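# just the structure for this:
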Amino acid sequence: MKRIVKECTIIQSQEVPIREKNIVLIGFMGVGKTTIGQLVAKKLYRDFIDIDEEINQSFDLPTTEIFRLHGEAEFRRVERETIVHHCAHSRLKVIALGGGAYMQEEVRRVCLDHCIVFLIDLSWDSWKDRLPLILDSRPVLQNKTLEEIEELFLTRKAAYSLHNSRVDADQLEPEKTAEEIVQSIKTVWDIYQPHHG
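Sure, this is the predicted structure:
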């Protein structure tokens, strides 16, 4: 069976032991980061944080309304501050980022410096089949042609290439994807910080 999870490269940060680092899930909108993140958190006995949900709670509005009333720039500012707070000041969490968050350099830097970053990767052909299910709830997709959405998909894919590991979710159900991530993380833990006993 071919390995779905690609090699996991970690730069050991000075202060947080690898087994206590937050696990951050990145990927395009609609790839299943929230569902998979909840499963990974459950399997690792960790708390789960959905950054978009945190932002919605802070505004007491859904994302589409935040964009409409406050604009994307304000959403991105709050998004950045929320991610920096959780990534730099907490441990033992599984954190799902919104699809556009990782386009911000400060977000990429804090995630890679303090956490283990997993890309949940989906091909364009697999992803576009999901488009009708997610279109209404994603403000950055509103009023865009399929070609414009594909351009956005490819632009973001370039930023997502900065990660510690990736899982190819094209052929996998969320449960299986989560299991692949957990196994990969446990392997990394044992390589970088083996249990002595």
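
# okay, CA-based contacts and neighbour counts for the rest of this
Will do.

# all strands for this protein, in order.
Taking DSSP state E, the strands of the chain run over residues 22-26, 47-50, 93-96, 115-121, 165-168.

# need phi/psi at Asn143.
phi 60, psi 30 (degrees, to the nearest 10).

# try Gln104
Here Gln104 shows phi and psi, under degrees, to the nearest 10, equal to phi -90, psi 130.

# ok, it to Leu135 distance?
Distance of Gln104 to Leu135, given as Cα to Cα, to the nearest Å: 23 Å.

# pLDDT at Asp60, what is it?
Model confidence at Asp60, given as pLDDT, is 97.

# I meant to write Gly197 there.
You'll see Gly197 listed with a pLDDT of 53.

# give me the below-cutoff pLDDT ranges for this structure.
Applying pLDDT under 70 to the chain picks out residues 1-14, 196-197.

# how about the helices in it?
Applying DSSP state H to the chain gives helices spanning 33-43, 51-59, 63-70, 72-89, 105-114, 124-128, 131-134, 146-160, 174-192.

# tell me if I'm right that Arg108 and Tyr102 touch.
Yes. Look at Arg108 against Tyr102 with Cα atoms under 8 Å: they come within range, at 5.6 Å.

# between these two, which is the more surrounded one?
Per other Cα atoms under 10 Å, whichever of Arg108 and Tyr102 has more neighbours is Tyr102, with 23 against 20.

# from Val94, how far off is that one?
Taken as Cα to Cα, the span from Tyr102 to Val94 is 16 Å.

# again, but for Lys144
On the measure of Cα to Cα, Lys144 and Val94 end up 32 Å apart.

# higher neighbour count, those two?
Each of Lys144 and Val94 has its neighbours counted (other Cα under 10 Å); Val94 has more, 27 against 11.
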